[in-house]
Structure formats: structure tokens, C-alpha cells
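Need coordinates for the following:
(one chain, ligands or ions: 1)
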Amino acid sequence: MKVWKMNGAGNAFAIFDARSTSFVPSADQVRQIAEDLKADQIIALERDVARDVFMRIWNADGSEVSACGNATRCVGKLLLEETGKSQVTIQTEADMLKAFNADNGLITVDMGSPLMGWEDIPLSEKMDVRGVDVKIGPMDNPILSRPAVVSMGNPHAVFFVKDVDDYDIPALGPLVEWHPTFPEGTNVGFAQVIDRNTIRLRVWERGAGLTKACGTGACAALVCAARAKLTARKAKMILDGGELTIDWRESDDRVYMTGPVEMEFETEI
Ligand SMILES: N[C@H](CCC[C@H](N)C(=O)O)C(=O)O
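Sure, this is the predicted structure:
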């Protein structure tokens with residue numbers, strides 16, 4: 001079975017080609033692979049009857065999740081090159097996503113629409129509920145409070161801060177990740193609005209910790225910023241590992257993510 005180690009803006013993945021052989025790792029095996037290959041997520045490509053591929057996603061802690069934007073871009077690049085098609089479709093638990101080539105070697109993924117926050121959607125997937133009462137630190141003077149909450153097929157809590165470098169993210173991230181407000185846990189974004197078209201972002205990922213970039217986190221931060229009128233609907237996201245451009249199109253309410261993909265190595269097991 002072919003295995004690729006790739007990254008999207010530094011967000012690192014081990015991608016297993018399970019289209020002709022089954023690959024269903026235990027949580028322990030996922031943790032071991034993630035440690036050995038220094039991957040934030042483990043990805044399995046499976047045959048899909050209607051789409052170019054079905055993509056399964058495990059976080060480094062062994063938990064299986066339903067969305068991973070940067071990995072979708074990496075898988076998109078693999079399939080675009082393999083098929084020669086101008087657009088490929090990738091099915092995940094959460095959604096059917098489309099990937100296509102953008103300018104200067106970048107890859108764009110249509111990440112679908114952010115989940116709107118209606119009553120019947122569990123709180124962890126509520127859209128931009130600024131009233132979410134999450135307080136971290138001393139009650140009378142919390143270090144973090146009132147995140148914007150949105151789902152891109154996975155839950156995100158986004159704190160808008162003056163300077164992301166002022167926050168001890170490895171200390172604060174886990175306190176929000178497993179806060180009782182989020183029954184399935186949540187990814188935690190620390191977003192600093194630079195101007196109406198630029199956001200500096202760091203993300204403590206559910207089940208993976210502080211990563212160099214988080215694609216769904218970048219989508220979540222842009223959607224929340226635009227809804228709060230802090231930025232335009234399209235912005236450059238500056239992450240530790242690189243830049244992503246997120247465009248939440250008015251015309252179809254879908255979020256388009258564009259960014260770099262790097263092939264680190266390919267091997268067989
Ligand atoms: N790095 C991924 C996000 C993984 C999300 C995962 N940590 C979760 O539990 O939802 C991305 O580029 O979208």
C-alpha cells in the first residue's frame with residue numbers, strides 16, 4: 001500500500017492509499033503512526049461509488065473526525081495529478097468537497113457552507129454563537145471569553161484577540177477543547193484581525209494540539225470575522241506554517257480555501 005507524507009501550509013498528514021486494500025487502524029496504531037511520521041492527522045483514501053475518493057480522517061490522538069481542510073487539498077492534488085481531471089470530488093463523513101488547481105501551483109477546495117446555528121444543531125456545531133459563555137481564567141477577569149462558534153463539518157471556537165502571541169496556547173487550548181460547552185470537543189482558534197483582508201491565526205486543534213496550520217480553522221475564523229463585520233468575506237490567513245486564502249462567496253454561501261501543498265515523501269508498506 002502506497003503512503004504519502006504531505007503537508008498543507010505545514011499541517012502534516014500521512015495519507016494511506018486504501019483503495020485496493022483495507023486500512024482500518026486502531027486508535028493505538030493511529031497514535032503510533034502519527035508519532036513515527038510526525039503527522040497531525042492520518043488519512044485513508046477509500047474507493048467511493050460516486051466520488052473520486054472517500055477520505056477518512058483520524059487525529060493524532062486516535063479520534064476519527066469528519067473534516068480536514070488542508071488534507072483535502074493534499075488529497076485533491078494527488079487526484080488531480082493522477083486523473084488529469086480539472087476538478088476532483090472528495091467525499092468525507094461531513095460533506096462532498098471539490099478540489100481544483102488554482103494559480104501558481106496552489107490548490108483550491110470548495111469546503112461547502114458553514115453550518116448555520118439553528119436550535120436542532122448541537123451546540124458544538126452552532127454557527128457563530130457569540131453568546132457562548134466560555135470563560136477561561138479568573139471569573140472576574142477571564143483570559144478568554146465569548147468565542148464565536150461555527151462548524152465547517154467540525155466544531156470551531158474562535159477567539160478574536162489583540163495579539164495571538166500574547167496567549168499561551170498549549171496551556172489555554174485544552175481548557176477550551178474539552179470545555180463542557182462543547183460535547184464533542186472543539187478546535188480552538190486564536191484570531192488577530194490585521195486589517196479587513198488579513199487575519200493572523202493560530203489553532204489548537206481538537207485531538208492534535210497546536211498545528212502549523214488548520215484549514216477548517218481558517219475557514220471558521222474568516223466566516224466568524226466576516227459575520228461580525230471585522231473583515232471582508234475574503235481574506236489572507238497568516239498561519240505559522242504558511243498562508244491560506246479563504247473566500248466565503250456571497251453567491252453560493254460556500255467557503256473556498258486556497259493554499260500550498262507539499263509532497264514530503266512517498267513510500268510503500
Ligand atoms: N487540520 C485540519 C483540521 C482537523 C480538525 C480536527 N482537529 C478535528 O478534530 O476537527 C484542517 O486543516 O482542517
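
Close to the ligand: what parts of the stretch 51-200 of the chain are there?
Counting by C-beta under 6 Å from any ligand atom, the positions of the stretch 51-200 of the chain adjacent to the ligand are 59, 65, 67-70, 154, 187. (Glycine included, C-beta is placed from N, CA and C.)

So what sits opposite L239 in the bridge?
Here L239 shows beta-bridge partners G242, assigned using DSSP bridges.

Could you check how far it is from the ligand?
L239 is 10 Å from the ligand, where distance means C-beta to the nearest ligand atom, to the nearest Å.

do G215 as well
Shown here: G215 relative to the ligand, a distance of 3 Å by C-beta to the nearest ligand atom.

Contact partners for that residue?
Residues counted as contacts of G215 (C-beta atoms under 8 Å, 6 or more residues apart in numbering) are 8-9, 11, 68-73, 109, 111, 244, 257, 259.

same thing with F159?
F159 makes contact with 144, 147, 176, 188-191 under the criterion C-beta under 8 Å, 6+ apart.

Show the pLDDT at it.
F159 carries a pLDDT value of 94.

Now do the buried residues in the helix or strand containing it.
With secondary structure defined by DSSP states H and E, F159 is part of strand 155-160. Of the residues in strand 155-160, 155-160 count as buried by neighbour count, 16 or more other C-beta atoms under 10 Å.

same check, this time on stretch 236-255
Per 16+ other C-beta under 10 Å, stretch 236-255 contains these buried residues: 236-248, 255.

Also stretch 141-155?
Buried residues in stretch 141-155, counted by 16+ other C-beta under 10 Å: 143-144, 146-155.

Just name the closest of those residues to the ligand, please.
Distance from the ligand was checked for each of the buried residues of stretch 141-155 by C-beta to the nearest ligand atom. The minimum falls on N154, at 3.3 Å.
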